[in-house]
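Student: sequence unavailable; structure follows:
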């Protein structure tokens, strides 16, 4: 069965430091992978996606994500965190030949401290 | 594009009352999804449509919940009768093939429902 795991409920990072939010997945075939961000009292916003090709994909707000097929991971990264990056982050996956719903991780709360 | 539009943004109602949530997807999108988000259960998919036809409603919690999509630009989620445990934020999202056929979803701002 398809599944997505975000092993950390919360990640704390000091402003200016690099950040990583982890995501691992279990699907058959070559998946499409996504990251979304949710700011307080807002809807989820699409950040970036991986389709194929270069394992490092760049997205909005300076975020990037690294796809690792052997480890079935798709970790979200940013070289220098901002306080305004504090939000809830969701990883999602879809098998290309499946139905069109996304399988969602539980979310990771990212807290950036000044 | 205005994005996905949801109304109302906030709804407070008494137990037993009927509640109707509304969604206008992004023009040209052929998939529409209804989600519910709570602290306890996280993000749950309730139902989704393709070209106005319901495809999977297995996430609808009870018969009290129903959803319709009469045309490509409008969908409703109805709860009748409402109960306090229905209190949550309800999101609508829409998608289309996009770049590479990936069907990433775009979310509305949500409706915060409180049932007292």
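Tutor: It's in. Everything numeric in this text was worked out from a predicted model, so none of it was measured.

Student: gap between the residue in chain B that chain A sits nearest to and residue A:32?
Tutor: Here chain B gets closest to chain A at one residue, residue B:107, 3.7 Å apart by Cβ to the nearest Cβ. In this view, the C-beta of every residue, glycine as well, is placed from N, C-alpha and C. Here residue B:107 is placed at a distance of 17 Å from residue A:32 (Cβ to Cβ, to the nearest Å).

Student: repeat for residue A:62
Tutor: 22 Å.

Student: out of these two, which sits in the busier spot?
Tutor: Taking other Cβ atoms under 10 Å in any protein chain shown, residue A:62 and residue A:32 do not tie; residue A:32 has more neighbours (21 against 13).

Student: thought that one was touching residue A:91?
Tutor: No - counting by Cβ atoms under 8 Å, residue A:32 does not reach residue A:91; the two are 11.8 Å apart.

Student: excluding chain neighbours, what is closest to the spatially most central residue of chain B?
Tutor: Central residue of chain B (Cα atoms, centre = their mean): residue B:34, 2.9 Å from the mean position. Residue nearest to residue B:34 in three dimensions, not counting chain neighbours: residue B:46, with 4.4 Å by Cβ to Cβ, 6 or more residues apart in numbering or on different chains.

Student: also residue A:16?
Tutor: residue A:80 (5.5 Å).

Student: give me the number of residues near that neighbour?
Tutor: 12.

Student: how about the residues of chain A by chain B?
Tutor: A:32, A:34, A:36, A:41-46, A:49, A:51-52, A:90, A:94, A:96, A:99-102, A:104, A:106-107 (Cβ under 8 Å from any Cβ of the partner chain).

Student: any weak-confidence spans in chain A?
Tutor: Flagging of chain A using pLDDT under 70 yields the residue ranges A:99.

Student: what segments of it are helices?
Tutor: Assigned by DSSP state H, chain A shows no helices.

Student: in it, what residue lies closest to chain B?
Tutor: For chain A, Cβ to the nearest Cβ, closest residue to chain B: residue A:43, 3.7 Å.

Student: going along the chain, name the strands of chain A.
Tutor: Listed in chain order, the strands of chain A (DSSP state E) span A:3-5, A:10-14, A:19-21, A:24-26, A:32-38, A:44-50, A:56-58, A:64-68, A:73-78, A:87-94, A:103-104, A:108-113.

Student: for the first one, which residues meet the burial criterion?
Tutor: Applying a neighbour-count criterion of 16 or more other Cβ atoms under 10 Å in any protein chain shown, the buried positions in strand A:3-5 are residue A:4.

Student: need the residues of chain B near chain A, please.
Tutor: B:4, B:31, B:33, B:42-43, B:45, B:48, B:50, B:55-56, B:91, B:93, B:95, B:99-110, B:112.
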